[in-house]
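Engineer: Need a 3D model of the sequence below.
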Amino acid sequence: MKKVTSILSGTLTTLLTIILLVTVAAVVTTQVSDGEPSLFGYQIKTVLSGSMEPGIDTGSVILVRAVDEPRTYQVGDVVTFQTYEGPLVTHRIHEVVDGGQSYITKGDNNPLPDTQVLEPSMIVGEYIGITIPYLGHVFSFISSDVGVIMLFIIPGVILVLYSMFTIVQAFREVDRLSKEQQTVSSSQQE
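Structural biologist: Below you'll find the predicted structure:
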């Protein structure tokens, strides 16, 4: 029974530690990068609308290769760009204008092309074809105040309480062994 308890205790401690470390890493990465974390040099973008469905669902996370300097794109390329209004948008190149001097984009799920003509300097990244469904909802939750509390503070408190429980159990075991040793010593002296 003690072996099973020991294995469960070790597993629980390891699991809580991993959850805490992953949560800390996710929160720190998200906060340091202004809500846009990166992975192996690729930017992680959360899809906020259904304009690219069914290929890229709302709430998905996509990996985007950052574009440092403008380059030429072709019809069908999926790019992330800065709009004049401010938000980033990921849409497909629908038409190349003026030999690549500008582009017209369109969301796959939109009936009409975008009205804004896209200058190459507005493109901040290229979609590399990797989509992770639903992970964007998790990132949004992690960056919220409630998410920080639920995924950072609570596991930390549980880990500290569990550590205190383990320490108390260890002291009890030492005390029990000490009393057994005293009993054995007393019986040997008689």
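Engineer: rest of the way, CA atoms for contacts and neighbours
Structural biologist: Noted.
Engineer: tell me the SS of Gly59?
Structural biologist: coil (DSSP: H, G, I helix; E, B strand; the rest coil).
Engineer: got the residue ranges for the strands in the chain?
Structural biologist: Counting by DSSP state E, one finds strands in the chain at the ranges 38-39, 42-46, 61-66, 78-82, 88-97, 102-106, 117-118, 123-132.
Engineer: which helices and strands sit right next to the third one?
Structural biologist: Applying 3 or more CA pairs under 8 Å, 6 or more residues apart in numbering; DSSP states H and E, we find strand 61-66 packed against strand 42-46, strand 123-132.
Engineer: one more time with 10 Å
Structural biologist: Helices and strands touching strand 61-66, by 3 or more CA pairs under 10 Å, 6 or more residues apart in numbering; DSSP states H and E, are strand 38-39, strand 42-46, strand 78-82, strand 123-132, helix 135-143.
Engineer: list the helices and strands the longest helix belonging to the chain packs on?
Structural biologist: Criterion DSSP state H: the longest helix present in the chain is helix 154-189. Packing partners of helix 154-189 (3+ CA pairs under 10 Å, 6+ apart): helix 2-32.
Engineer: average model confidence for the helix it packs on?
Structural biologist: Across helix 2-32, pLDDT averages out at 71.
Engineer: Any stretches of this structure with poor pLDDT?
Structural biologist: For the chain, the stretches with pLDDT under 70 are 1, 20, 22-39, 184-190.
Engineer: Run through the bridge partners of the closest residue to Glu95 other than its chain neighbours.
Structural biologist: Nearest non-adjacent residue to Glu95, counting by CA to CA, 6 or more residues apart in numbering: Ile104, 5.0 Å away. In this structure, Ile104 bridges to Glu95, Val117 when assessed by DSSP bridges.
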